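> I would like to see how this sequence folds:
(2 chains)
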2 protein chains.
Amino acid sequence: MTLGHPAYQQIRMHGLGDVLREHCRSRPAMTAVVDGEFRLTWPQLNQRVNQLANYLLANGLAEDGRVLWLGQNSFRLLECMLAAAKIGATVCPINWRMSAGEVAAVIDDFTPQLVVWQQQDLADTANQARDHAKHRAHWIAHDGDDADSYEALLSLHSATDPDLAVHSDTPVVAMYTAAFDGKPNAALLSQSAMLYQSLMIAYGYSITEQSSNLNSGPLFHLGTMLATLATFTFGGKNVFIARVDAEEMLKLIEAEAVTHAFVAQPTLLQIREINKAGKYDTSSLWSSPEAPEWSSPLCMPKDSPFAQQARVYGQTEVMGFTTFGFLGGGGAGRVSPLAQLRIVDNDGNELPPGESGEIEVRGIQVMSGYYQRDDENERRNHNGWHRTRDLGKRLDDGSVAFVGPKTTMIKSGVENIYPAEVEACIAQHNAVAQACVIGVPDPKWEQNVKALVVLKPGEDLSAEALIEHCRQHMASYKKPKIVEFVTELPRAPDGQLDRKKADAMFGGGGYPATH
Amino acid sequence: MTLGHPAYQQIRMHGLGDVLREHCRSRPAMTAVVDGEFRLTWPQLNQRVNQLANYLLANGLAEDGRVLWLGQNSFRLLECMLAAAKIGATVCPINWRMSAGEVAAVIDDFTPQLVVWQQQDLADTANQARDHAKHRAHWIAHDGDDADSYEALLSLHSATDPDLAVHSDTPVVAMYTAAFDGKPNAALLSQSAMLYQSLMIAYGYSITEQSSNLNSGPLFHLGTMLATLATFTFGGKNVFIARVDAEEMLKLIEAEAVTHAFVAQPTLLQIREINKAGKYDTSSLWSSPEAPEWSSPLCMPKDSPFAQQARVYGQTEVMGFTTFGFLGGGGAGRVSPLAQLRIVDNDGNELPPGESGEIEVRGIQVMSGYYQRDDENERRNHNGWHRTRDLGKRLDDGSVAFVGPKTTMIKSGVENIYPAEVEACIAQHNAVAQACVIGVPDPKWEQNVKALVVLKPGEDLSAEALIEHCRQHMASYKKPKIVEFVTELPRAPDGQLDRKKADAMFGGGGYPATH
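Numbers count the residues shown, from 1 in each chain, chains lettered A, B, ... in the order given. Model prediction:
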């Protein structure tokens, strides 16, 4: 039977460019994108995408074409992705908050033929990065007005669809993600992973062609881009705002009847303050910003499955989310029908429920590997499973709980001890407010487990009592040998525990990873 | 960039067998299937599927394995499909109402190595078909109790997962469908088409792991099997009943808290009659069988998108449905994100909205071709598009309207005239109740358009007035030259217009198809 008739293998090819093509037929008068003065129907968007695709083709960016997006949120990033989808190229949207040196390092790693950059707000970063980078690319400003700017170049090229056959497994987006060895890696995300994940997201977020999605979170993060892609896939309207601006967001929520948006807690507080007299009508998104449906920065209709159960586990490498609370169970929910997930010990054996080990994932939603990281790709492949480098466990009901990053690990004798697991155990003690576990050097054991503990106001607890609590609740080798009570733990600007700083401040020896 | 790192191409492989494997981890204690005395959890189902897969492998049914299912609805058909998915084989569920001669013809065409048949109700058909068929297969009874029966053979084989790498584009089901040239063809449906279509069905039918799907429609029809597959994919419970039985269905609706079912109109009337005193609690499926949510034999939660808009277009060859009312627009709704659809004239040119032509579809949800029909597969491939042999048009809003089967066509001079289109025009006249259009032989024009018309009670209309009505509303060459007023039109037992009989009764010359 093999894979069926060869003609039908061609007929079944289907990517993001094809979704756009069909939108032109199915939704000829509906709005695809809104961004400042731009307001494009699906055929208008498609024509611009074709112009860009033809520009890229004319400049040799076909199958191995690489475009770097150094800009804030814009409909032009979506255009770049769709043009790349039509010709088999790849777009890398990078974090525009990075320093010029970091941007230059990404440019030298990704070696794009083309950089699409932004003059507004980012001219200094861009100019310095271009100077620092060894790799030479062609740079065009997406918001420029000279002869070599995005709009000027588009206008020179044909709006005829290049109509190339592109395999749906071709990577279309490269997204830089966690640096395990100090060097960030670009996860390659294929059109098929994006398309099928969009079906899951539309299911969970209740996205339809009537949806109006405000792109108010950073699009260089998959957590934000997932809603953009699902809205695109189901023919809804994507509304873009360059960066977070509470008053501007309120205007757009009212004007575009926004149904989906990313609103982080600080922005929400600003929105409440600005809108306390009800200046703007936000009823398309929330009955009121004080309303009880608030449980996640991902705002969506309150009767949607995700709004009911906003628990997830995932990482960029598995297309954002691979478990969902709305699929059932406790913890981070159950695994998507687009993936398999298993928990393994350090010998690679699958573990029973309740035991913590590395989370491994396989399935159509997994990335296509890191760009130009053959060694790391081999290391991360465990007999056909992607090693996430995250630690998790199955609950008894089959759902998955995330425990912590596996690379944050203490070595004690032959044992690997994961601080996140020990911290979770300590936090169960009634007297404890916060905890951080580090490994302090030991001549015999390599490291000993040390707990830094902040007690709740008015509570009293001895080190011995806390160690005994741990001994009772987990394997003895994991319990802290040393407990230091502190008044506060060092935190990063975003409020997250700063482990490296805690390690340095309290005599730690770093968090080594074995593999 | 090609398709990413080779290791990750393996990691991304994902089929129906993988979905089952993950259900065992994610839903270890939940019920997968219910059928008579059988009630299996996901791990129990998986073990039986492994036993069956190992039996098939031991008998040489790996990649080119073909299994014919000659039985009524049973969880064992799902087991056969899942075992086939795990080893790359293909299962063909055939219409058990066919005559022994028809079954024998299918056996000689599909040439299965194995026939899984049913003793109960189907012994005569099976025995005669086995005698008539030239092709020799191994026959096992799924409900038998001898040493060569399904259960006996399962018990002899290991429950260890064969754990083979199977490409997700491998056909897993073959479904015989419309005979354009008098010979039915088996559409090959791949695992990927089934899986991604299941995501669309789950979205439209509001299927979750809490769903309880009563398999009360025939599983040899895709319209029924779609709900089975989506329920399977999302980890819900599939409840099987061998064939339609109103009282038995009522018992199951109550006992299994059924949320999804196929209930045809005659069965519904029986259910209303049996349950008029409220003997059975049907509240999981309907507030009452009289309730207003009734608009389709596909029963599901009334707030699900499909229940709100139960309009579709599709065919077996495109995995059942490819447009959905719940995706927006009028007519049969807009096209799924898993496909593209276009309307073309007889020269293959895409037509503008409002004009009728052949519907062509491409995308991941299309079949992998007909089994062993190279010539027909070539004919049905139009530059990478599947010719549906159906006639449709775009409405102005971009949605798709089905007009009629293209193969029912009248030839007049150089023109092809589609009866369905002319009938729709005639039916717009206020005085008309029903119409059937045939082609009567003409020495000069080959055929002339003749309309058979049933008027509404008390209405009067001349042939001239009706012809003028048609002339005003469509291209003149399509209007009827002859009108015959009749009191009734011949109908098939299922109530559908019997075109062949009408053609024969009223002087027609058949409905030739040009290609």
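> Could you use CA atoms for every contact and neighbour count after this?
Will do.
> List the residues that contact the residue nearest to residue A:411 when sequence neighbours are not counted.
With Cα to Cα, 6 or more residues apart in numbering or on different chains as the criterion, residue A:411 has its nearest non-adjacent residue at 5.7 Å, and that residue is residue A:447. Neighbouring residues of residue A:447 by Cα atoms under 8 Å, 6 or more residues apart in numbering or on different chains: A:410-413, A:439-441, A:509.
> Likewise for residue A:167?
So residue A:167 contacts A:13-15, A:88 (Cα under 8 Å, 6+ apart).
> switch to 7 Å and redo it
residue A:13 (Cα atoms under 7 Å, 6 or more residues apart in numbering or on different chains).
> quick one on the thing from earlier: buried stuff in the helix or strand harbouring the residue nearest to residue A:411?
Taking DSSP states H and E as the definition, one finds residue A:447 inside strand A:446-455. Buried residues in strand A:446-455, counted by 16 or more other Cα atoms under 10 Å in any protein chain shown: A:447-455.
> and these as JSON lines, adding pLDDT?
Shown next, in JSON lines, are these (pLDDT from 0 to 100):
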{"residue": "A:447", "pLDDT": "88"}
{"residue": "A:448", "pLDDT": "90"}
{"residue": "A:449", "pLDDT": "92"}
{"residue": "A:450", "pLDDT": "92"}
{"residue": "A:451", "pLDDT": "93"}
{"residue": "A:452", "pLDDT": "94"}
{"residue": "A:453", "pLDDT": "94"}
{"residue": "A:454", "pLDDT": "94"}
{"residue": "A:455", "pLDDT": "94"}
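> Pick the one among those residues closest to residue B:24.
Residue B:24 has its nearest neighbour among the buried residues of strand A:446-455 in residue A:449, at 36.1 Å by Cα to Cα.
> Quick check: bridge partners of that closest one?
Beta-bridge partners of residue A:449, counted by DSSP bridges, are residue A:439.
> ok, it touching residue A:441?
No: contact criterion Cα atoms under 7 Å: residue A:449 and residue A:441 do not qualify, at 9.2 Å.
> what comes up buried for stretch A:43-63?
A:43-57, A:61-63.
> wait, I meant stretch A:15-30
For stretch A:15-30, by 16+ other Cα under 10 Å, it's A:15-30.
> Which members of those residues define the maximum pairwise distance?
A:15 and A:29 (22.3 Å).
> did I read that right, residue A:391 in a helix?
No: using DSSP: H, G, I helix; E, B strand; the rest coil, the assignment for residue A:391 is strand, not a helix.
> Show me what it bridges to in the sheet.
Going by DSSP bridges, residue A:391 forms beta bridges with residue A:358, residue A:404.
> what sits against the closest residue to residue A:384 other than its chain neighbours?
Closest residue in space to residue A:384, ignoring its immediate chain neighbours: residue B:11 at 4.7 Å, by Cα to Cα, 6+ apart. Applying Cα under 7 Å, 6+ apart, we find residue B:11 in contact with A:362-363, A:384-386.
> Alongside chain B, which residues does the stretch 251-400 of chain A contribute?
A:327, A:334-335, A:337, A:340, A:362-366, A:368-369, A:381, A:384-386, A:397-399 (Cα under 7 Å from any Cα of the partner chain).
> circling back: would you show me how to pick out the buried ones of the contacts of residue A:447 in ChimeraX?
Buried members of these, defined by 16+ other Cα under 10 Å, are picked up in ChimeraX with:
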select /A:410,411,412,439,440,441,509
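> Would you tell me which helix is longest in chain A?
helix A:42-58 (DSSP state H).
> Which neighbouring elements make contact with that one?
helix A:16-26, helix A:75-87, helix A:150-155 (3 or more Cα pairs under 7 Å, 6 or more residues apart in numbering or on different chains; DSSP states H and E).
> Could you export the contacts of residue A:447 to a markdown table, including columns for pLDDT?
Below are these laid out as a markdown table (pLDDT from 0 to 100):
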| residue | pLDDT |
| --- | --- |
| A:410 | 84 |
| A:411 | 82 |
| A:412 | 82 |
| A:413 | 78 |
| A:439 | 90 |
| A:440 | 90 |
| A:441 | 89 |
| A:509 | 82 |
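> The worst-scoring helix or strand of chain A on mean pLDDT - contacts with which helices or strands?
Using mean pLDDT, DSSP states H and E, the weakest-scoring helix or strand in chain A turns out to be strand A:415-417, at a mean of 79. Counting contacts by 3+ Cα pairs under 7 Å, 6+ apart, strand A:415-417 is packed against strand A:410-412.
> now what about the strand it packs on, what contacts it?
Contacts of strand A:410-412 (Cα under 7 Å, 6+ apart): A:416-418, A:439, A:445-448, A:511-512.
> from those, which is closest to residue A:393?
Distances from residue A:393 to the contacts of strand A:410-412, taken by Cα to Cα, are shortest for residue A:418, at 12.6 Å.
> residues in the stretch 1-150 of chain A within reach of chain B, list them.
A:1-5, A:7-14, A:18-19, A:22, A:25-28, A:63-64.
> Now that we have the contacts of residue B:11, which of them are buried?
Using 16+ other Cα under 10 Å, the buried ones in these are A:362-363, A:384-386.
> Point out the ones among these that are inside strands.
Among the buried ones among the contacts of residue B:11, the members found in strands (DSSP state E) are A:362, A:385-386.
> residue contacts, the residue nearest to residue A:54 when sequence neighbours are not counted?
By the measure of Cα to Cα, 6+ apart, the closest residue to residue A:54 outside its immediate chain neighbours is residue A:157, 6.2 Å from it. By Cα under 7 Å, 6+ apart, the contact set of residue A:157 is A:51, A:54-55.
> for residue A:369, phi and psi?
phi 110, psi 170 (degrees, to the nearest 10).
> Near residue A:248, how many other residues are there?
12 (other Cα atoms under 10 Å in any protein chain shown).
> which residues touch stretch A:14-21?
Under Cα under 7 Å, 6+ apart, the answer for stretch A:14-21 is A:46, A:82, A:85-86, A:168, A:191-192, A:195, A:233, B:337, B:340, B:363-364.
> please redo it, this time with the cut-off set to 8 Å
By Cα under 8 Å, 6+ apart, stretch A:14-21 touches A:42, A:46, A:82-83, A:85-86, A:166-168, A:191-192, A:195, A:233, B:337-340, B:362-364.
> Can I get stretch A:384-392 in CSV, CA atoms only?
Extracted in CSV, the C-alpha atoms of stretch A:384-392 (Å, rounded to 0.1, in the frame of the first residue of the first chain):
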residue,chain,number,x,y,z
GLY,A,384,13.1,8.6,18.7
TRP,A,385,12.1,10.8,21.6
HIS,A,386,13.0,14.4,22.2
ARG,A,387,14.6,15.0,25.6
THR,A,388,13.0,18.1,27.0
ARG,A,389,15.6,18.7,29.8
ASP,A,390,12.6,19.3,31.9
LEU,A,391,11.7,17.2,35.0
GLY,A,392,8.1,16.0,35.5
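> what mean pLDDT does that stretch have?
When pLDDT is averaged over stretch A:384-392, the result is 95.
> And residue A:269, how close does it get to residue A:251?
Distance from residue A:269 to residue A:251, counting by Cα to Cα, to the nearest Å: 16 Å.
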